Structure formats: structure tokens, C-alpha cells
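Enquirer: what would the 3D arrangement of this be:
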Amino acid sequence: MNEAQFIAALRTLPLHPGAQDLRDDTATLAVGGETLVLTHDAIAEGVHYRPGTDPFDIAWKLVAVNLSDLAAKGAEPLGVLIGAVLVDGAERFVEGLRAILTEYAVPLLGGDTISVSPATFGCTAIGRATCAQVPRRDGGQPGDGLWITGPLGAAMLGFEGGNAAAYLRPRPRLADGQALAPHVHAMMDVSDGLLLDAARMAEASGCTAEIALTRVPVAAGADPLRAVTWGDDYELLFAAPEGFQPPVPAARIGSLAHAGAAPLLLDGQVPQIPLGYQHR
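Expert: Residues are numbered from 1 along each chain as shown. This is a model prediction of the structure:
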């Protein structure tokens with residue numbers, strides 16, 4: 001059973017309406033006149049970080065990828081729960097948590113600890129929606145412009161021997177997400193590769209995404225085609241009405257069109273390469 005088949009099986013279970021049929025990265029829950037935004041991600045040794053990685057960086061990345069999901073919903077973080085493995089140097093994990101929680105003013109709510117190898121860490125992040133309509137990935141409309149908040153490929157270069165911080169210490173776009181949320185039709189973070197995530201947004205929205213490779217900003221020294229398929233950059237991808245002027249720095253990389261034979265076209269063609277990272 002691959003990832004898609006497993007999620008399809010989960011859809012046969014009793015689901016809360018806020019789960020959005022498990023077709024988004026977060027769930028929403030109305031409580032006392034407000035909307036909570038909830039997300040959970042895990043990172044594993046050998047998949048999301050190399051064996052021997054400083055536990056400080058593991059802690060930072062674990063929280064950052066979850067805060068990035070909140071950023072894509074324009075949510076204000078309220079707190080996180082951590083599932084931690086007692087690895088060698090666990091005190092460095094605590095220091096990494098201290099650093100990112102302090103940086104983004106996010107309190108620790110609790111969690112659990114275990115001892116297992118290889119290590120897999122989990123995080124649940126809870127946020128408060130800052131606008132009435134929480135952006136989803138399925139809200140894009142034909143004619144919308146497709147935008148990205150920053151360059152891609154820095155994480156790839158960091159993983160391959162460049163600035164490792166770009167790969168291990170991503171910076172979630174919380175302020176950008178809150179500024180964009182009231183105006184966009186759809187938004188999500190780029191975690192698995194721009195092409196794959198854009199295809200997911202387009203498919204969920206009943207559209208085709210048309211992207212021009214030359215319009216995609218990439219990090220200095222990054223090969224553009226690899227940069228749009230690699231992932232782990234955690235920039236925000238959003239769809240907004242024609243003529244929209246973003247309140248934050250962003251580059252328009254294409255448009256959404258009426259659904260065609262494929263959910264994604266790159267320079268007018270269906271890409272003949274893997275679009276991004278998928279768990280098998």
C-alpha cells in the first residue's frame with residue numbers, strides 16, 4: 001500500500017468535517033466563535049535528515065515544517081506538542097526547541113517521549129485562524145495567477161553540501177501567510193516540490209496549473225528544473241485573482257486554467273519527469 005492508497009483507505013473512516021476529506025495539510029475546528037487550525041507532521045532519520053545530524057537541527061526542522069503548514073493557512077500559532085525520541089545528545093534537541101519556539105513566540109503544550117531506532121519525531125501544531133475564510137488548497141479558480149513567495153533550491157543546495165541551514169533550519173512564512181490569507185483563493189507551502197504541490201493544488205481545485213520555468217525564482221547556483229522538483233524550501237504557493245498585487249514579496253510563476261488532460265503543464269508541456277517527492 002503506497003501513500004495515496006493509504007490515505008484513500010483512511011477516507012473510509014469516520015471523518016470530522018474539518019478534516020476536509022484528508023485533502024489538505026491541516027484540519028479546522030470551530031471552537032467558541034474562533035477557528036482552530038491543526039496539523040501534524042513527522043520527520044524521520046534517513047528520510048528528512050541524515051544520521052548524525054545535530055539534534056538541535058532536528059528539533060528546529062520538526063517544529064518549522066509544522067509551523068509552515070499553519071503559515072499556509074494564515075494561522076497564528078498557539079502552541080505545539082512534541083513526540084520526541086531520546087537520542088544521544090537529547091539536550092541539544094531541547095536547545096533546538098528552545099531556539100525555534102523563542103524565535104516564533106510559540107509555547108510548548110506537552111507531548112511524549114520514547115526510545116527507538118531509527119528515530120522518528122512528531123509534532124502537532126495548533127493555530128488560530130486570523131481571517132474568516134481559511135485558505136485551502138482546493139479554492140483555486142481558472143484565470144487565477146500562481147505565485148511563490150521566494151526562491152527555490154536553497155534546501156537542495158544545502159543538502160548537497162552548501163549552506164546546510166537552508167535544509168535543516170527552514171523559516172516558516174508565518175507573517176507572509178497572515179498577510180496573504182484574506183486575499184488569496186488557495187494557498188499551500190512547498191514541501192514536496194513546486195511541480196508536485198502545484199499539481200496537487202490544481203487537481204484539488206479542478207484546474208490545470210500552467211507554470212513557466214523561467215519565471216520561477218531559484219537560489220543562486222541551483223539548476224531550475226531540479227529546484228522545482230526537490231522540495232523542502234517551505235515557500236508559500238498561492239493562487240489569487242488576476243490583477244492581484246501581493247502585500248508581500250512574491251513572484252508570479254504562471255496561472256490556473258480550466259482543467260485539461262493533466263493537472264500541470266510546464267512551459268506548455270506535460271512534464272516527463274517525477275514532479276517531486278512522494279512516500280512509497
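
Enquirer: residue contacts, the nearest residue to Ala19 once chain neighbours are set aside?
Expert: Spatial nearest neighbour of Ala19, chain neighbours left out: Ala27 (5.0 Å); criterion: CB to CB, 6 or more residues apart in numbering. In short, each C-beta sits where N, CA and C put it, glycine included. The contact partners of Ala27, taken as CB atoms under 8 Å, 6 or more residues apart in numbering, are His16, Gly18, Ala19, Gln20, Val37, Leu38, Thr39.

Enquirer: for Ala27, phi and psi?
Expert: Ala27 has phi and psi values of phi -120, psi 160 when expressed as degrees, to the nearest 10.

Enquirer: rewinding a little: just the buried ones from the contacts of Ala27?
Expert: Buried members of the contacts of Ala27, counted by 16 or more other CB atoms under 10 Å: Gly18, Ala19, Gln20, Val37, Leu38, Thr39.

Enquirer: among these, name the ones in strands.
Expert: Val37, Leu38, Thr39 (DSSP state E).

Enquirer: what's the burial count for Asp88?
Expert: Residues lying near Asp88 (other CB atoms under 10 Å) number 9.

Enquirer: any idea how far Asp54 is from it?
Expert: Distance, Asp88 to Asp54, using CB to CB, to the nearest Å: 11 Å.

Enquirer: what of Val106?
Expert: Distance from Val106 to Asp54, by CB to CB: 21 Å.

Enquirer: now Gly122
Expert: Counting by CB to CB, the gap from Gly122 to Asp54 is 19 Å.

Enquirer: which one of the two has more residues nearby?
Expert: When neighbours are counted by other CB under 10 Å, Gly122 and Asp54 differ, and Gly122 comes out ahead with 19 against 16.

Enquirer: and that one, what does it touch?
Expert: So Gly122 contacts His40, Asp41, Ala42, Leu62, Ile82, Gly83 (CB under 8 Å, 6+ apart).

Enquirer: surely it forms part of a strand?
Expert: Yes: according to DSSP: H, G, I helix; E, B strand; the rest coil, Gly122 belongs to a strand.

Enquirer: what pairs with it across the strands?
Expert: Ala42, Gly83 (DSSP bridges).

Enquirer: just for the stretch 151-280 of the chain, where's the confidence low?
Expert: Residue ranges of the stretch 151-280 of the chain with pLDDT under 70: 278-280.

Enquirer: can you give me the helices in it?
Expert: Under the criterion DSSP state H, counting those that start in this stretch, helices of the stretch 151-280 of the chain are mapped to 154-159, 164-168, 174-180, 194-205, 224-230.

Enquirer: for the third one, buried residues please.
Expert: Meaning helix 174-180. Buried, per 16+ other CB under 10 Å, within helix 174-180: Leu174, Asp176, Gly177, Gln178, Leu180.

Enquirer: packing partners of that helix?
Expert: Using 3 or more CB pairs under 8 Å, 6 or more residues apart in numbering; DSSP states H and E as the contact test, the elements touching helix 174-180 are helix 55-71, strand 75-85, strand 236-240.

Enquirer: make it 7 Å
Expert: helix 55-71, strand 236-240 (3 or more CB pairs under 7 Å, 6 or more residues apart in numbering; DSSP states H and E).

Enquirer: give the contact list for Gln230.
Expert: Quick fix: residue 230 is Trp, not Gln. Neighbour list for Trp230: Gly153, Ala155, Met156, Gly193 [criterion: CB atoms under 7 Å, 6 or more residues apart in numbering].

Enquirer: format those residues as a markdown table; extra columns: distance to Ser255 and neighbour count.
Expert: Output for the contacts of Trp230, formatted as a markdown table (distance: CB to CB, whole Å; neighbours: other CB atoms under 10 Å):
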| residue | distance to Ser255 | neighbour count |
| --- | --- | --- |
| Gly153 | 22 | 26 |
| Ala155 | 26 | 27 |
| Met156 | 26 | 24 |
| Gly193 | 19 | 24 |
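
Enquirer: nearest to Ala9, of these?
Expert: Closest approach to Ala9 among the contacts of Trp230 (CB to CB): Gly193, at 24.4 Å.
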